[in-house]
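Asks: have a look at this prediction, sequence included:
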Amino acid sequence: MQEKQVQEFDSPNILQLFNGIVEQSVAGIYLLQDGVLQYVNNKFADLFDTKPDRMMGRSLVDLAPPDQKESLVAQYERRIEGTDPESHFIIRAALRKSGVRLIEIHGKRVEYRGQPAVVGVGIDVTDRERAHVELVRSRTQLQALMSEIETIQETERARIAMELHDDVGGILTALKFDVARLKRRIERLSGQSGQVVDTSDLLDLTLSVSELAQEAIDSARRISDELRPTALEHLGLFAAIRDYIDRFRIRFNIDCSLILPHSESAASSAVELDLFRIIQEALTNVARHADATKVRVSIAREGDRLDIAIEDNGRGLPVGDARNTGSGLIGIRERAHRVGAEFTIDNVETGGVRIELHAPWEFTH
């Protein structure tokens, strides 16, 4: 029965049908045996700007590009031995008519006339590979642009913070002193003999203005510190985080616990600033979107790595969207990438969101 099937397959009608299908294929098809191309269809020959009869009967060594000859032959031998059944190879062909083309070659080990051979397809992937290269280049350029934007933003934040502290803060402080002087003069006026002056309303007014001035001073300091955290520059990352969380707890009335390493250490100022901003942005997201009552920030050192975890008890991210790019996560992801950190975000079973960051940490002391 098997012999009859083979005979039927070898019949002229079957061979004619097979050849018709192969020659109409949109992919190049080849058969390689004993290191020689036994067969190629028209499409395969077209990939190399030639004709089938100019390729069939020629060895792989003769046809392979000089700089890829060794690796191409080695892959063919592994395929024949059955040790490399799934991989593919991209041939960089410099052609007279088409210029440089990238041909992706796939192959499978088969038995042909009782001997091992490789049959497979060739596909022109020039446009795909160029698009991939362009995508990678665009990604690199985008990262560089984002980094430049972040640098400009931090510089501008520092400038605004300094102006708030020096100019606005100075003006408000002077206003507070002037109100205090006015208050003292009114008190002296009301205490002079022979004078009947009702100064109670004026004293109340000075107290109110003084309180408003102090409130404005505190706001200017808070805004200035959020724009450019002075604690980060003078006390280091851990102290700056501790200070920020203390103010976060009071401002948003959210129970925020903090676990820090027992000993201080420092990295470059740029890395510390990025890590501080990541924690700042994550907590800002909690305050704005999570509807949480508790948040826990944990920082631990593991060798030359800093592990940061931020977990809240809020409503979590939408189901199926735990890795979305909204809610400030774009900036967090970009900063994490910039410092070489692994970043993950997921909903937790008990409710809320958990952010984890594993960053390389080069100690300076």
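Replies: Received, thanks.
Asks: please make it C-alpha for all contacts and neighbour counts, starting now.
Replies: Noted.
Asks: what residues of the host helix or strand of residue 77 count as buried?
Replies: Here residue 77 sits within helix 69-81, counting by DSSP states H and E. If you call a residue buried by 16 or more other CA atoms under 10 Å, then helix 69-81 has these buried ones: 72, 75, 76, 77, 79, 80.
Asks: chain center to it, what's the gap?
Replies: Distance, stretch centre to chain centre, for helix 69-81: 37 Å (CA atoms, centre = their mean, to the nearest Å).
Asks: contact partners of it?
Replies: 35, 60-61, 64, 84-85, 89, 107-109, 116-118 (CA atoms under 8 Å, 6 or more residues apart in numbering).
Asks: show me which of these are buried.
Replies: Buried members of those, scored by 16+ other CA under 10 Å, are 35, 60, 64, 84, 89, 107, 108, 109, 116, 117, 118.
Asks: sort out for me which of those residues are in strands.
Replies: Using DSSP state E, the members of the buried ones among the contacts of helix 69-81 that fall in strands are 89, 107, 108, 109, 116, 117, 118.
Asks: now for the first one: which residues touch it?
Replies: Counting by CA under 8 Å, 6+ apart, residue 89 makes contact with 72, 104, 105, 106.
Asks: JSON lines please, covering these and showing distance to residue 181 and pLDDT.
Replies: Converted to JSON lines, these look like this (distance: CA to CA, whole Å; pLDDT from 0 to 100):
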{"residue": "72", "distance to residue 181": "90", "pLDDT": "88"}
{"residue": "104", "distance to residue 181": "85", "pLDDT": "90"}
{"residue": "105", "distance to residue 181": "88", "pLDDT": "89"}
{"residue": "106", "distance to residue 181": "88", "pLDDT": "90"}
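Asks: so which of the residues you listed is the closest to residue 330?
Replies: residue 104 (35.5 Å; CA to CA).
Asks: just confirm the closest one is within a helix.
Replies: No: going by DSSP: H, G, I helix; E, B strand; the rest coil, the assignment for residue 104 is strand, not a helix.
Asks: residues contacting it?
Replies: Counting by CA under 8 Å, 6+ apart, residue 104 touches 88, 89, 90, 91, 122, 123, 124, 125.
Asks: what's the burial count for the closest residue to it other than its chain neighbours?
Replies: Once flanking residues are discounted, residue 104 sits nearest to residue 90: 4.3 Å by CA to CA, 6 or more residues apart in numbering. Using other CA atoms under 10 Å, residue 90 is surrounded by 18 other residues.
Asks: repeat that for the one 5 residues further on.
Replies: Burial of residue 95 is recorded as 13 neighbouring residues (other CA under 10 Å).
Asks: again with residue 303
Replies: Residue 303 is flanked by 9 other residues according to other CA under 10 Å.
Asks: separation between it and residue 261?
Replies: Remark: distance between residue 303 and residue 261 (CA to CA, to the nearest Å) = 12 Å.
Asks: kindly report the same for residue 23.
Replies: Computed as CA to CA, the residue 23 to residue 261 distance reads 69 Å.
Asks: do a quick rundown of the helices in the stretch 251-365 of the chain.
Replies: In the stretch 251-365 of the chain, the helices defined using DSSP state H, counting those that start in this stretch lie at 269-285, 329-338.
Asks: ok, residues contacting the last one?
Replies: When you say that, I think you mean helix 329-338. Residues from elsewhere that reach helix 329-338 (CA under 8 Å, 6+ apart): 143, 146-147, 274-275, 277-278, 281-282, 342-343, 357, 359.
Asks: what do you get if the cut-off is 7 Å, keeping everything else the same?
Replies: Here helix 329-338 makes contact (CA atoms under 7 Å, 6 or more residues apart in numbering) with 274, 278, 342, 343.
Asks: now, the most widely separated pair of the buried residues of helix 69-81?
Replies: Farthest pair in those (CA to CA) is 72 and 80. Separation: 12.5 Å.
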